[in-house]
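# Could you work out the structure for the sequence below:
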Amino acid sequence: MSRERDRFDRAGPTHLKPVDWNKAIHRRSVAASLVQGVYVQENDRQLQRMEPQAPSLAPPWWDFFDFEIYRVLADNDDDEKSIFGTIYVDKSKSNTNDSARKPRYVVAFRGNVLHQSKDTRTRDIKLDFQYYFNHLRSDSRYKTGIDRINELVGIGGGAQNIWLVGHSLGAAMAMSAGKYMAKLGHSIETYLFNPPFSSATYFFMRWTANETVRNIMRVTHSTIKAGLVTAAKTLSPFYKPGNDHDPFVALYNWFPHIFVNRNDPFCSGYIAYFEHRKKMESIGAGNVEKIATKTSMRSATFSTFGCETEDLHLLPSANLYLNYTPGCYLVAHAPEQWWNPDTPCQPILYKG
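Below is the predicted model of the structure:
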């Protein structure tokens, strides 16, 4: 049993031979393919596609680019042993100019796998909720990933030789790990495909047809958030002077590559999030947005009661790539759009 999307020879970027590592579109395609390699490994496991009964479909997704598996990241807290990530290592030993930007190690995380295994589906959905409520860092998957990334920084010659990549929920994992490492002074090149933007406000704004109404809602939203943060510092009995924490300070020079499709309701909030900063500056409310952009309404409200949480999906800086190709949600959220060379997307640089 196989799905066409699992087969590299039918669905993968077979045109990338050789890979020009100096081309952004090639790097994007390889990063997306390595994430797909994690998905297919988990599908192989669930469908028991293993020699000699049935061939595994996963290896071509990394072999084609001269990578091999360094370590598989799997759950240890259940009987399923679901594969949620993979660490790849370069096996080419190439030192040409074209390969100068090729990473030594790539840490890849998959998103939700909702078919076949009930246990894996339940585990993935649990992680979705943990991410939404900013509790991802307490999860064993995240802790395993961070431990392995720290090891790679030590043995791999530094953060410059490592990539973090992920799709959907896996992009949330990679983003959170990248933020953590950036705060330790390790700026890791990161590729985030369809990362979820966990804001109910931005999600429901999508269904407001009138752009003027949306702009009014966003300005009001930012003003309320900034007011709540200020109130927490000046009026809340729970506030303690000296406990001020700016979650963006250590992240200004980290520029993850974020790939979003405007037709994907779960990630397209990043488009409005970054565009809204410019809008607030243009109307003279830049100082308000500098406060509001660092927190969600949920966290701003909790802060007035002394409950400080860091929003995992918010960033000061990024290279944002937008795909405006029309399509339904399933197409807009699919990882294959990002290894397709015909996908039109140019980066927009946002600096905090």
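# can we go C-alpha only for contacts and neighbour counts from here?
Fine.
# so residue 42 makes contact with residue 81?
No - at 9.7 Å, residue 42 does not count as touching residue 81 under the criterion of C-alpha atoms under 8 Å.
# Pick out whichever of these two has more residues nearby.
Using other C-alpha atoms under 10 Å, the more surrounded residue of residue 42 and residue 81 is residue 42, with 23 against 15.
# measure the more buried one to residue 131 for me?
Per C-alpha to C-alpha, to the nearest Å, residue 42 is found 21 Å from residue 131.
# Please apply the same query to residue 171.
Plainly put, residue 171 is 11 Å away from residue 131 if you go by C-alpha to C-alpha.
# Helices of the stretch 1-150 of the chain, start to end?
Using DSSP state H, counting those that start in this stretch, the helices of the stretch 1-150 of the chain run over residues 8-11, 24-47, 60-63, 118-132, 140-155.
# Excluding chain neighbours, what is closest to residue 108?
Among residues not flanking residue 108 along the chain, residue 165 sits closest, at 4.8 Å (C-alpha to C-alpha, 6 or more residues apart in numbering).
# scratch that, residue 316 is what I was asking about
That would be residue 352: by C-alpha to C-alpha, 6+ apart, it lies 4.3 Å from residue 316.
# Wait, that neighbour touches residue 252, no?
Yes - assessed by C-alpha under 8 Å, residue 352 is found in contact with residue 252 at 5.5 Å.
# thinking again about what came up before, got a list of what the residue nearest to residue 316 touches?
By C-alpha atoms under 8 Å, 6 or more residues apart in numbering, the residues touching residue 352 are 252, 316-317.
# before we move on, what about residue 106?
Taking C-alpha under 8 Å, 6+ apart, one finds 87-89, 162-165 in contact with residue 106.
# at 10 Å what do you get?
31, 34-35, 67, 69-70, 86-90, 149, 152, 161-165, 189-190 (C-alpha atoms under 10 Å, 6 or more residues apart in numbering).
# in the sheet, who's paired with it?
residue 88, residue 163 (DSSP bridges).
# quick one, phi/psi of residue 347?
Dihedral pair for residue 347: phi -80, psi 150, per degrees, to the nearest 10.
# so it touches residue 318, yeah?
Yes - under the criterion of C-alpha atoms under 10 Å, residue 347 makes contact with residue 318 at 9.3 Å.
# which one of those two has more residues nearby?
residue 318 (21 against 14).
# and the residue lying closest to the more buried one once chain neighbours are set aside, how many residues sit next to it?
Of all residues not flanking residue 318 in the chain, residue 255 sits nearest, at 4.3 Å (C-alpha to C-alpha, 6+ apart). Using other C-alpha under 10 Å, residue 255 has 23 neighbouring residues.
# Next one, pLDDT for residue 255 please.
Per-residue pLDDT puts residue 255 at 97.
# can you list the domains in the chain?
4-193, 199-352 (automatic domain parsing).
# just flag whichever of those domains has the lowest average confidence.
Of all the domains of the chain, domain 199-352 carries the lowest average pLDDT, namely a mean of 77.
# Span of that one from start to end?
Here the two ends of domain 199-352 are set 20 Å apart, with distance taken as C-alpha to C-alpha.
# Thank you, goodbye.
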